[in-house]
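S.K.: kindly return the folded structure for what I paste below:
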Amino acid sequence: MFLEMFVFIKDPEDEVSKHLSFLQGHDIHGRIYLNEQGINAQYSGPYKDAVAYVTWLKDDERFSDILVQISHSFSGHAFPRLKLRYKPSLVQLEGGISHLPLLDLSMRAKPLTPSQWRSKLETVNKDYQGNANLILLDVRNGYEWDIGHFHGAERPDVDCFRSTSYGQSESEDIDSDPLARVDKENTDILMYCTGGIRCDVYSAILRQRGFRNLYTLKGGISHYLWSEGPVDWVGNLFVFDARLSLPPSSYKAEVKPEECIKQEVSESSSFAKCYVCSTQLSALRHRNCANLDCNLLFLCCAVCTNDLKGCCCLECTSAPRLRPVLIGHQRYKKWHHYRDMEMQNS
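M.R.: Numbering: from 1, shown residues only. Below you'll find the predicted structure:
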């Protein structure tokens with residue numbers, strides 16, 4: 001489950017204690033962060049426990065309007081443990097976000113409902129090539145775009161959101177910045193991300209830089225897929241937990257988890273290519289390089305995975321700290337797990 005909300009919390013340390021107290025006895029794993037600006041949470045658990053936490057949260061008037069995103073876990077928890085604590089920045093961005101006016105709705109992008117966003121996308125797909133006053137901006141990492149995105153959105157030129165700097169350069173000659181040469185007064189900028197929180201943060205920055213017509217997808221991609229389905233969307237959705245990749249059907253309550261796994265492998269999408277050989281892929285799911293000291297997150301076909309022993313390149317195959325090739329939906333564990341296994345087998 002995913003939920004986030006910017007709201008004033010007078011005593012966030014006390015708020016953390018209240019959440020910890022409630023969750024005692026509930027089988028909840030995940031990352032739940034709170035500070036003076038609000039809450040950012042992604043967590044997993046049995047349906048009864050997961051919903052109990054949301055219900056408890058919504059009973060607090062401050063969080064009564066919080067939007068909750070629900071998706072299936074393939075097998076057990078999507079997170080290894082619970083991390084619930086105070087965090088200075090709910091979203092990691094260079095320079096921090098505590099100074100941003102995130103509690104002032106007028107300083108953030110105007111939220112569009114999924115149906116309103118869909119109508120806007122029709123305009124994008126019809127007029128995008130010849131309309132210099134409309135930009136569809138993917139406010140995620142490039143590797144997230146690699147497995148799924150909205151039609152018409154260009155691949156972000158960053159692989160770490162905290163270093164995003166669209167629209168912040170004083171120069172107008174930066175080809176990698178889609179906002180470098182736009183008319184700030186008259187250009188409609190449609191921003192989207194996974195759940196909406198990154199857009200809320202970044203739109204506040206753009207607003208301070210003089211961009212007027214900012215729009216964001218309310219609830220992000222996950223809410224759109226739940227409401228509208230994969231209309232104008234291609235591929236899967238990258239998620240920051242053990243599942244890594246979710247097909248659009250994961251956001252429909254009537255679809256069983258095992259059906260979601262089957263739908264992960266679909267017809268080849270021309271945009272998704274193997275990092276090693278560039279062949280088109282049908283399995284839209286990243287893996288980490290087996291070389292622990294590289295750990296690159298990349299897309300790879302079955303042939304290259306086998307030939308390179310789960311590594312991203314030939315050089316990594318001879319690295320000193322190699323982990324075994326993972327099959328299916330597994331994620332790598334801590335290095336000591338593989339080191340201890342090697343010692344036992346020697």
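
S.K.: look at Asp200 and give its secondary structure.
M.R.: helix (DSSP: H, G, I helix; E, B strand; the rest coil).

S.K.: for Gly25, grab phi and psi.
M.R.: Gly25 adopts backbone torsions of phi 90, psi 0, taken as degrees, to the nearest 10.

S.K.: ok, now how distant is it from Gly45?
M.R.: 12 Å (Cβ to Cβ, to the nearest Å). Backbone N, C-alpha and C define where each C-beta goes, glycine included.

S.K.: of these two, who's got more company?
M.R.: Gly45 (23 against 9; other Cβ atoms under 10 Å).

S.K.: which ones are touching the more buried one?
M.R.: Gly45 makes contacts with Met1, His26, Asp27, Ile28, His29, Gly30, Tyr53, His77, as judged by Cβ atoms under 8 Å, 6 or more residues apart in numbering.

S.K.: what about the helices in this structure?
M.R.: 12-23, 47-58, 114-127, 142-145, 197-208, 220-228, 257-263, 302-307, 335-345 (DSSP state H).

S.K.: show me the contacts for Asp227.
M.R.: Careful, residue 227 is Ser and not Asp. Thr113, Pro114, Ser115.

S.K.: model confidence score at Gln69, please.
M.R.: What the model reports for Gln69 is a pLDDT of 89.

S.K.: do the same with Glu254
M.R.: pLDDT for Glu254: 57.

S.K.: okay, now Gln330: neighbour count?
M.R.: Neighbours of Gln330 using other Cβ under 10 Å come to 11.

S.K.: then Ser44?
M.R.: When neighbours are counted by other Cβ under 10 Å, Ser44 registers 22.

S.K.: distance of the nearest residue in space to Lys110 that is not next to it in sequence from Cys199?
M.R.: Spatial nearest neighbour of Lys110, excluding adjacent residues (Cβ to Cβ, 6 or more residues apart in numbering): Tyr215 at 5.3 Å. Distance of Tyr215 to Cys199, computed by Cβ to Cβ: 9 Å.

S.K.: which neighbours do the two share?
M.R.: Counting by Cβ under 8 Å, 6+ apart, the common neighbours of Tyr215 and Cys199 are Ala109, Met191.

S.K.: neighbour-wise, which of these two wins?
M.R.: Comparing Tyr215 with Cys199 by other Cβ under 10 Å, the one with more neighbours is Cys199, at 27 against 20.

S.K.: can you give me the distance of the more buried one to Asp11?
M.R.: As for Cys199, its distance to Asp11 is 28 Å (criterion: Cβ to Cβ).

S.K.: swap in Ser119?
M.R.: Taking Cβ to Cβ as the measure, Ser119 falls 42 Å from Asp11.

S.K.: same thing with Asn288?
M.R.: 39 Å.

S.K.: more neighbours: which of these two?
M.R.: Neighbour totals were compared for Asn288 and Asp11, and Asn288 leads with 19 against 10 (other Cβ under 10 Å).

S.K.: can you pull the buried residues of stretch 90-98?
M.R.: By neighbour count with 16 or more other Cβ atoms under 10 Å, stretch 90-98 contains the buried residues Leu90, Val91, Leu93, Ile97.

S.K.: ok, the residues you listed vs Ser21, which is closest?
M.R.: Leu90 (21.3 Å; Cβ to Cβ).

S.K.: hang on, isn't that closest one packed against Glu36?
M.R.: No. Using Cβ atoms under 8 Å, Leu90 is not in contact with Glu36, being 9.8 Å away.

S.K.: residues contacting the residue minimising distance to the centre of the chain?
M.R.: Geometric centre of the chain, nearest residue: Thr194, 4.4 Å, by Cα atoms, centre = their mean. With contact set as Cβ under 8 Å, 6+ apart, Thr194 has these partners: Phe2, Arg140, Glu144, Gly220, Ile221, Ser222, Leu237, Phe238, Val239.

S.K.: ok, the residue nearest to Lys110 to Leu100 distance?
M.R.: Between Tyr215 and Leu100 the computed distance is 18 Å (Cβ to Cβ).

S.K.: for Cys294, same thing?
M.R.: Counting by Cβ to Cβ - Cys294 and Leu100 are separated by 34 Å.

S.K.: more neighbours: these two, which one.
M.R.: Neighbour totals were compared for Cys294 and Leu100, and Leu100 leads with 24 against 16 (other Cβ under 10 Å).

S.K.: contacting residues around the nearest residue to that one once chain neighbours are set aside?
M.R.: Spatially, and ignoring its direct neighbours in sequence, Leu100 is nearest to Ala204 (4.6 Å; Cβ to Cβ, 6+ apart). Each residue near Ala204 by Cβ under 8 Å, 6+ apart is listed here: Leu100, Pro101, Leu102, Met107, Arg108.

S.K.: okay, now the unreliable bits of the stretch 201-346 of the chain?
M.R.: For the stretch 201-346 of the chain, the stretches flagged by pLDDT under 70 are 253-270, 341-346.

S.K.: what about the strands in it?
M.R.: Using DSSP state E, counting those that start in this stretch, the strands of the stretch 201-346 of the chain run over 214-217, 233-235, 237-238, 245-246, 265-273, 280-283, 287-288, 297-298.

S.K.: output those strands as CSV; include the columns distance to Arg181.
M.R.: Formatted as CSV, these follow (distance: least, Cβ to Cβ, whole Å):
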stretch, distance to Arg181
strand 214-217, 17
strand 233-235, 27
strand 237-238, 29
strand 245-246, 34
strand 265-273, 25
strand 280-283, 33
strand 287-288, 37
strand 297-298, 31
